[in-house]
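Engineer: Make a model of this:
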Amino acid sequence: MISKGCKIILPLLAATLVQAAPKTFKAGNRALAEGRFDDAINLYHEAIAEAPESGELYFNLGNAQYRAGSYEEAMASYEFAASMTESEHTRGRSWYNMGNCMIKNGEALRETDAHAAADYCRQAAWFYRMALDYDPTFSDAAYNLEMSQRIVAGIEEEIQQKEEDEQKQNELITYIREKLQEFIERQAQLLSIQDIGEAQKQLENETRELAKLIETSGLQADIPMPDGTTVPGPLKETWEHTVKAAEAMAVPDQPTALAELTAALGSAPEDPNQQEGESDEESEDYEDYDMEYEESDQDADMYEEADPFGDFSEYEEIRGVPPPNQTEMDILAEEIRNQERRKEKKAGEYKAVEKDW
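Structural biologist: Residues are numbered from 1 along each chain as shown. Okay, here's the model as predicted:
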């Protein structure tokens, strides 16, 4: 950002901007500083309508939208800012803030869709790298790059643990269904020959052991919900019917025992091995920018990779507050500098950054 103490000479283009948008722009800055984000957004839109080619105005609009929690809209504004501005400073800060928006979107999905959350954070890392390409001394971007990589590693660890827990639960359900099917066949056989001796006692003991296994797993317990209510565990009914089956065997009441075993199997979750496997394809809604970024040896030295096996349980928050807003004087100074660059620039010297979104 240009120092406010610089002496500024206003050529025609900058003077046009002064006449076109200063009142609404100043009012937008004031509204943003006072936390009136909706007012700031509306005022910046008015300023942009009067000066639609100013990337810096879009940058301030993005800051207001970011602070209002409208991260998708902020992303679009920062994209306009990055593509329209002639200032590498503003362009780099726009990439940086786009990374922050991605992090915010990822945080919102972490509990409900961990895979999507990880994808957002990988894309954030890509934007932070772009910001560093424009300004290798941008310490907040370097810090957030490392933190985004750590967040991804933490999410991947959570996903792996959840998958392992689900695998164990699926194996337990499969085992319980197989045992119940076996018990039903044995009980039906004992009922057909009216055998209430040692074989029936052995089946009773095994049925009680199966009920104890279900209880130990905790899958029969009620599950508390955020609103204070509870929902039955996935094996609650199965456990209850298994216990009743064992009690009926102890009487002995073979028909009731057979009915309870049948009800236990019927209330058990479907065998995971019989269900259709879900598609292993990655979601196509989130393009992985991180995979498209080719890092040179020099880049690798500049950006130290986060240790994927480190302890990420405690680390500082992503530095998510956008850089300070562009003031009207800063924007005018940027316009002046941009005009000078255009005069000095040779034909074909500037190459726009390719965008993949």
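Engineer: For Ile223, grab phi and psi.
Structural biologist: phi -100, psi 120 (degrees, to the nearest 10).
Engineer: Mind giving me the packing neighbours of the helix of greatest length in the chain?
Structural biologist: Under DSSP state H, the helix in the chain containing the largest number of residues is helix 139-193. Contacts defined by 3 or more C-beta pairs under 8 Å, 6 or more residues apart in numbering; DSSP states H and E place helix 139-193 against helix 88-109, helix 114-134, helix 198-217, helix 236-250, helix 254-267. No exception for glycine: its C-beta is placed from N, CA and C like everyone else's.
Engineer: if you set the cut-off to 10 Å instead, what comes out?
Structural biologist: Packing partners of helix 139-193 (3 or more C-beta pairs under 10 Å, 6 or more residues apart in numbering; DSSP states H and E): helix 88-109, helix 114-134, helix 198-217, helix 236-250, helix 254-267, helix 289-292.
Engineer: tell me what the longest one is packed against?
Structural biologist: Counting contacts by 3+ C-beta pairs under 10 Å, 6+ apart, helix 88-109 is packed against helix 55-67, helix 71-84, helix 114-134, helix 139-193, helix 328-344.
Engineer: Let's test this: mean pLDDT of the second one, rounded?
Structural biologist: Just to be clear, that refers to helix 71-84. The pLDDT scores in helix 71-84 average 92.
Engineer: Please apply the same query to the third one.
Structural biologist: Averaging pLDDT along helix 114-134 gives 93.
Engineer: tell me the angle that helix makes with helix 71-84.
Structural biologist: 30 degrees (axes from the mean of the first three to the mean of the last three C-alpha atoms, to 10 degrees).
Engineer: Not counting its neighbours along the chain, what's nearest Ala142?
Structural biologist: Leu132 (6.1 Å; C-beta to C-beta, 6 or more residues apart in numbering).
Engineer: what's the burial count for that neighbour?
Structural biologist: 22 (other C-beta atoms under 10 Å).
Engineer: That one reaches Leu145, doesn't it?
Structural biologist: Yes: the criterion here is C-beta atoms under 10 Å, and Leu132 meets it with Leu145 at 6.9 Å.
Engineer: Next up, the contacts around the residue positioned nearest the centre of the chain.
Structural biologist: What sits nearest the mean C-alpha location of the chain, by C-alpha atoms, centre = their mean, is Ala117, with 1.9 Å. Residues near Ala117 by C-beta atoms under 10 Å, 6 or more residues apart in numbering: 103, 105-111, 151-152, 155, 158-159, 286.
Engineer: Ser192: neighbour count?
Structural biologist: 9.
Engineer: try Leu109
Structural biologist: Other residues near Leu109 come to 18 when the count uses other C-beta under 10 Å.
Engineer: Point out where the stretch 201-350 of the chain drops to low pLDDT.
Structural biologist: Flagging of the stretch 201-350 of the chain using pLDDT under 70 yields the residue ranges 273-350.
Engineer: Repeat the analysis, applying 80 as the threshold.
Structural biologist: 226, 271-350 (pLDDT under 80).
Engineer: which residues touch the closest residue to Pro255 other than its chain neighbours?
Structural biologist: Nearest non-adjacent residue to Pro255, counting by C-beta to C-beta, 6+ apart: Leu191, 6.6 Å away. By C-beta under 10 Å, 6+ apart, the contact set of Leu191 is Gln200, Pro252, Gln254, Pro255, Ala257, Leu258.
Engineer: Now which of those residues would you call buried?
Structural biologist: Gln200, Pro252, Gln254, Ala257, Leu258 (16 or more other C-beta atoms under 10 Å).
Engineer: Please settle this for me: is the second one part of a strand?
Structural biologist: No: note on Pro252: no strand contains this position according to DSSP: H, G, I helix; E, B strand; the rest coil, which reports coil.
Engineer: related to what we said a few turns ago, okay, the contacts of Ala117 in TSV with distance to Arg30 next?
Structural biologist: Formatted as TSV, the contacts of Ala117 follow (distance: C-beta to C-beta, whole Å):
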residue	distance to Arg30
Ile103	28
Asn105	29
Gly106	32
Glu107	30
Ala108	30
Leu109	34
Arg110	35
Glu111	37
Ile151	35
Val152	38
Ile155	39
Glu158	43
Ile159	45
Tyr286	37
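Engineer: I'd say Gly92 and Asp135 touch.
Structural biologist: Yes: Gly92 is within contact range of Asp135, at 4.6 Å (criterion: C-beta under 10 Å).
Engineer: shared neighbours of those two, anything?
Structural biologist: Ala141.
Engineer: These two: which is more packed in?
Structural biologist: For Gly92 versus Asp135, the count of surrounding residues by other C-beta under 10 Å is larger for Gly92: 22 against 17.
Engineer: The residue nearest to Ala142 and Ala125: what is the separation?
Structural biologist: 11 Å (C-beta to C-beta, to the nearest Å).
Engineer: What are the structural domain limits within this protein?
Structural biologist: As given by automatic domain parsing, the domain ranges for the chain are 12-159+294-344, 161-222+229-272.
Engineer: so which of these is the most packed in?
Structural biologist: By mean neighbour count, with neighbours taken as mean count of other C-beta atoms under 10 Å, domain 12-159+294-344 ranks first of the domains of the chain at a mean of 19.
Engineer: Nothing else from me, thank you.
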